[in-house]
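A.B. asks: Structure here, sequence nowhere to be found:
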């Protein structure tokens, strides 16, 4: 019983990661908090579906269509859909209509369904058409710059673009990185120090809230199917 995830980084400034997944005798999985919105395409027994996924602020349980294959595009923090504000997608999402194995409909336009190797080509077309947009201030802040506006303005625009506070984004990203480190065999004490948790209980609470796993489960690979590529050793 497994979900076979593969995730790769992207050289596109608009894309965070591209992932693929195959469900093998799995009916449900642990969902993991995430800061990105995305497009997800999947096929099962000749049926094709497409959907928009939103940022997730907590872990949970999600059903999985058994024997399905997925391709997902996680968009960079600060990007959004012109027609669907990201805050409306938080802890939710939306199914896209009229999806086929070859095409899907988004923002009133029909697009070619991408594979894992041409995801960026689709994103380029979405950007050129104005379907995907971004707030440059959020991108600037994410790169560590300090814009010449008030902190309140930055936070307001950050939440408008992402649906999350900057603090929530940092906490979720840190918990996901901790999960990858623990799954790779890193000692708990090292993860606490490296990622600047206060102590081991602080790390445990973050894992429970955002990942739905204990440090031991992550190190031993137990706990069932999980919606996270724990082989992302480059993230360590």
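C.D. replies: Everything's here; your move. Keep in mind that what you see is a predicted model, and the values were worked out from it rather than measured.
A.B. asks: State the pLDDT value of the residue of the chain positioned farthest from its centre.
C.D. replies: Most distant residue from the mean C-alpha position of the chain: residue 148, 29.7 Å away (Cα atoms, centre = their mean). On pLDDT, residue 148 comes in at 88.
A.B. asks: Would you mind naming the helix or strand containing it?
C.D. replies: Element membership for residue 148 (DSSP states H and E) is empty, with no helix or strand holding it.
A.B. asks: where does this protein have low pLDDT?
C.D. replies: Applying pLDDT under 70 to the chain picks out residues 1-2, 232-236.
A.B. asks: Going along the chain, name the helices of the protein.
C.D. replies: 119-128, 136-142, 151-162, 166-183, 188-194, 200-210, 215-220 (DSSP state H).
A.B. asks: now stretch 210-221, how far from the centre of its chain.
C.D. replies: Put simply, stretch 210-221 sits 18 Å off its chain's centre (Cα atoms, centre = their mean, to the nearest Å).
A.B. asks: Assess the claim that residue 204 and residue 214 are in contact.
C.D. replies: Yes: counting by Cβ atoms under 8 Å, residue 204 does reach residue 214; the two are 6.8 Å apart. Where C-beta positions appear, they are placed from N, C-alpha and C, glycine not excepted.
A.B. asks: residues touching the nearest residue to residue 141 once chain neighbours are set aside, list them.
C.D. replies: Excluding the flanking residues, the one nearest residue 141 by Cβ to Cβ, 6 or more residues apart in numbering is residue 154, at 6.0 Å. Counting by Cβ atoms under 8 Å, 6 or more residues apart in numbering, residue 154 touches 137, 141, 147, 166.
A.B. asks: Surely the first one and residue 145 touch.
C.D. replies: No: assessed by Cβ under 8 Å, residue 137 is found out of contact with residue 145, at 9.5 Å.
A.B. asks: Compare these two and say which is more crowded by neighbours.
C.D. replies: residue 137 (17 against 10; other Cβ atoms under 10 Å).
A.B. asks: and the longest strand for the protein?
C.D. replies: In the chain, taking DSSP state E as the definition, the longest strand is strand 15-24.
A.B. asks: ok, so of the contacts of residue 154, who is nearest residue 230?
C.D. replies: The shortest approach to residue 230 among those belongs to residue 166, at 25.9 Å (Cβ to Cβ).
A.B. asks: Number of residues surrounding the nearest residue to residue 159 once chain neighbours are set aside?
C.D. replies: Nearest residue to residue 159 in three dimensions, chain neighbours excluded: residue 165, at 6.1 Å (Cβ to Cβ, 6+ apart). Using other Cβ under 10 Å, residue 165 has 12 neighbouring residues.
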